[in-house]
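A.B. asks: Have a look at this prediction, sequence included:
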Amino acid sequence: MAQAQRLVPLIGLTGGIGAGKSTALAALAHLGATVLSTDDVVHELYAGDPRLRAAVVGRWGPEVAPSGMVDRAAVARHAFAEDGERRWLEELLWPLVGECVGAWLTATRARSPPSRAAVVEVPLLFEAGMEGLYDATIAVVAPEGLRRERAAGRGHELLQERTARQLSQGEKAARATYAVCNDGTEAQLREKLSEILDKLKA
């Protein structure tokens, strides 16, 4: 088990809205990595953690949890309305997400045979100063026109507000251990990511 823990690198995956983080995460899973999306963790926390539900209702009222279920879009409208509200939510969420990621990583590193890598998708990896927690980081980037097309196709709410609080693609790429341009096919993206996994193993 100790050997498996040493062999499994922890990678932080990030990128701007529409760059293709989710596609890259799926590609890494296809390549033999064990993957986790912090967005999925947050979704599960909203759905199942009564502490979180009580906190957001206490902050913003019952409209953010109609029928007892947290409405993420309603929470986002409040959280992105001003910096103070966003900071309050992040300070509430990040420790809970950290607990979940820690438990996941322990289980991942105990697997036998070991995974090729443990990859966590964190949209605000550098903005939150979390890069030091990872053995390596990957920034997924894409041409701006393609990013806008992808984001519009998914109907992101509050796109300008979300983008405004993120570093530019160039800054993310400069800070990352590896930068991958997602401007081709999924097969091409997998090939680029496989090369990175090979480098990490070496």
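C.D. replies: Cool, the structure landed. Numbering: from 1, shown residues only.
A.B. asks: How about the contacts made by the residue most central in space within the chain?
C.D. replies: Residue closest to the average C-alpha location in the chain (Cα atoms, centre = their mean): residue 122, at 2.5 Å. Counting by Cβ atoms under 8 Å, 6 or more residues apart in numbering, residue 122 makes contact with 12, 13, 14, 38, 128, 130. Where C-beta positions appear, they are placed from N, C-alpha and C, glycine not excepted.
A.B. asks: same thing but at 10 Å, please
C.D. replies: 12-15, 21, 36-39, 97, 101, 128, 130-131, 133-134, 137 (Cβ atoms under 10 Å, 6 or more residues apart in numbering).
A.B. asks: Model confidence score at it, please.
C.D. replies: pLDDT recorded at residue 122 is 95.
A.B. asks: on that earlier part again, which of the contacts of residue 122 are buried?
C.D. replies: Neighbour-count burial (16 or more other Cβ atoms under 10 Å) is assigned, among the contacts of residue 122, to 12-15, 21, 36-39, 97, 101, 130-131, 133-134, 137.
A.B. asks: Now, these that are in strands?
C.D. replies: The strands, defined by DSSP state E, take in 12, 13, 14, 15, 36, 37, 137 from the buried ones among the contacts of residue 122.
A.B. asks: can I get those residues in CSV with distance to residue 82 and pLDDT?
C.D. replies: Shown next, in CSV, are these (distance: Cβ to Cβ, whole Å; pLDDT from 0 to 100):
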residue, distance to residue 82, pLDDT
12, 28, 97
13, 29, 98
14, 24, 96
15, 26, 93
36, 30, 98
37, 27, 97
137, 29, 98
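A.B. asks: Bridged to residue 181, which residues?
C.D. replies: Counting by DSSP bridges, residue 181 is bridged to residue 141.
A.B. asks: what about it, distance to residue 31?
C.D. replies: The gap separating residue 181 from residue 31 is 18 Å, by Cβ to Cβ, to the nearest Å.
A.B. asks: go on, residue 11?
C.D. replies: Distance check for residue 11 against residue 31: by Cβ to Cβ, it reads 12 Å.
A.B. asks: Looking at these two, which one has more neighbours?
C.D. replies: Each of residue 11 and residue 31 has its neighbours counted (other Cβ atoms under 10 Å); residue 11 has more, 24 against 18.
A.B. asks: looking at the sheet around that one, what are its partners?
C.D. replies: Residue 11 has the following beta-bridge partners by DSSP bridges: residue 119, residue 136.
A.B. asks: what residue ranges in this protein score low on pLDDT?
C.D. replies: Residues of the chain meeting the criterion pLDDT under 70: 1-6, 153-165.
A.B. asks: got the residue ranges for the helices in it?
C.D. replies: 2-7, 21-30, 38-48, 50-60, 72-79, 83-109, 144-154, 159-164, 169-175, 186-201 (DSSP state H).
A.B. asks: Give me the angle between the fourth one and helix 38-48.
C.D. replies: I take that to be helix 50-60. Angle, helix 50-60 to helix 38-48, by axes from the mean of the first three to the mean of the last three Cα atoms, to 10 degrees: 90 degrees.
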